[in-house]
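> coords below, sequence missing:
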């Protein structure tokens, strides 16, 4: 059974501050780690798909790192803005399996 | 704007009704998915279609019946549902190689 966990469950951050949160996943038979941003009343939107140990990806003020040996990924947001308020989901995929298993998400609220 | 379109956005049905949820994408993706999401829980995979063939059924009760008439369309037929089936039903598609999911906005189902 693949268990993906995210922490914290929720987070309030002052506008302009930087923040980060964690996704942990079983490292055996690992294939890919996905991050999605889900704004209220919208569809989840892919941020990153990461496969290689030590990989780091960046999109604007958001970046993510991946450690496949120990089974964790960090998502960083630099200089938080109100539009960053959303639930951030990670999901893990094993080799030879089309199934993505999601974590429960981190709900981020940016305080103006 | 999402490139995966789900209809209806909201559906209320009785336990004896028969209804369908519909999903459409025109990105040429050959994998399509149904996920179920209840409040404060991660999206749970229900079905995966790959090249219009059912490739994964996550032991979903037979009162949910998926159908993939062609590479752009995915339906979920609902019959004799229970109140506990009330949830947000998300459709997604992906290019098989990358696996990055493109989600619709979901259909919010209430079973009375």
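On my side now, so go ahead. Quick caveat: nothing in here was measured; it's all calculated off a predicted structure.
> all contacts plus neighbour counts: C-alpha atoms, from now on.
Fine.
> OK, contacts around the most centrally placed residue in chain B?
Centroid check for chain B by CA atoms, centre = their mean gives residue B:34 as the closest residue, at 3.2 Å. By CA atoms under 8 Å, 6 or more residues apart in numbering or on different chains, residue B:34 lies in contact with B:45-48, B:89-92.
> contacts with chain A among those residues, please.
The residues of the contacts of residue B:34 that also fall near chain A, by CA under 8 Å from any CA of the partner chain, are B:45, B:48.
> For the contacts of residue B:34, could you give me CSV that also reports pLDDT, secondary structure and neighbour count?
CSV is the format used below for the contacts of residue B:34 (pLDDT from 0 to 100; DSSP: H, G, I helix; E, B strand; the rest coil; neighbours: other CA atoms under 10 Å in any protein chain shown):
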residue, pLDDT, secondary structure, neighbour count
B:45, 95, strand, 22
B:46, 97, strand, 20
B:47, 96, strand, 24
B:48, 94, strand, 24
B:89, 98, strand, 24
B:90, 97, strand, 25
B:91, 98, strand, 32
B:92, 96, strand, 28
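> Out of the contacts of residue B:34, which two are the most distant from each other?
The span of those, defined through CA to CA, is set by B:48 and B:89 at 13.6 Å.
> Retrieve the pLDDT associated with residue B:44.
At residue B:44, the model reports a pLDDT of 95.
> In chain A, where is pLDDT below threshold?
A:1-2 (pLDDT under 70).
> Can you tell me which residues in it are near chain B?
A:34, A:41-46, A:49, A:98-105.
> who wins for most neighbours among these?
Most neighbours among these, by other CA atoms under 10 Å in any protein chain shown: residue A:105, with 30 neighbours.
> Kindly confirm whether my reading is correct that it touches residue A:87.
Yes. Using CA atoms under 8 Å, residue A:105 is in contact with residue A:87, at 6.0 Å.
> could the contacts of residue B:34 go into CSV alongside distance to residue B:102?
Formatted as CSV, those follow (distance: CA to CA, whole Å):
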residue, distance to residue B:102
B:45, 14
B:46, 16
B:47, 15
B:48, 14
B:89, 14
B:90, 10
B:91, 8
B:92, 5
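> between the contacts of residue B:34, which is nearest residue A:3?
Out of the contacts of residue B:34, the member with the shortest distance to residue A:3 (by CA to CA) is residue B:45, at 13.6 Å.
> so what's that closest one closest to, chain neighbours aside?
residue B:35 (4.5 Å; CA to CA, 6 or more residues apart in numbering or on different chains).
> what does residue A:3 give?
Distances taken as CA to CA, 6+ apart place residue A:25 nearest to residue A:3, at 6.1 Å, with adjacent residues excluded.
> Likewise for residue A:13?
Leaving aside its sequence neighbours, residue A:13 sits nearest to residue A:110 (CA to CA, 6+ apart; 4.9 Å).
> Which neighbours in the sheet does the helix or strand containing that neighbour have, and how are they oriented?
Using DSSP states H and E, residue A:110 sits within strand A:106-111. Strand A:106-111 has its sheet partners listed here by DSSP bridges as strand A:10-14 (parallel), strand A:86-94 (antiparallel).
> Looking at the ones you listed, which one is packed in the most?
Comparing the strands paired with strand A:106-111 on average neighbours per residue, with mean count of other CA atoms under 10 Å in any protein chain shown, the densest one is strand A:86-94 at a mean of 24.
> Run me through the strand neighbours of the very next helix or strand once past it, direction for each.
Counting by DSSP H and E, the next helix or strand C-terminal to strand A:86-94 is strand A:100-102. Using DSSP bridges, strand A:100-102 pairs in its sheet with strand A:86-94 (antiparallel).
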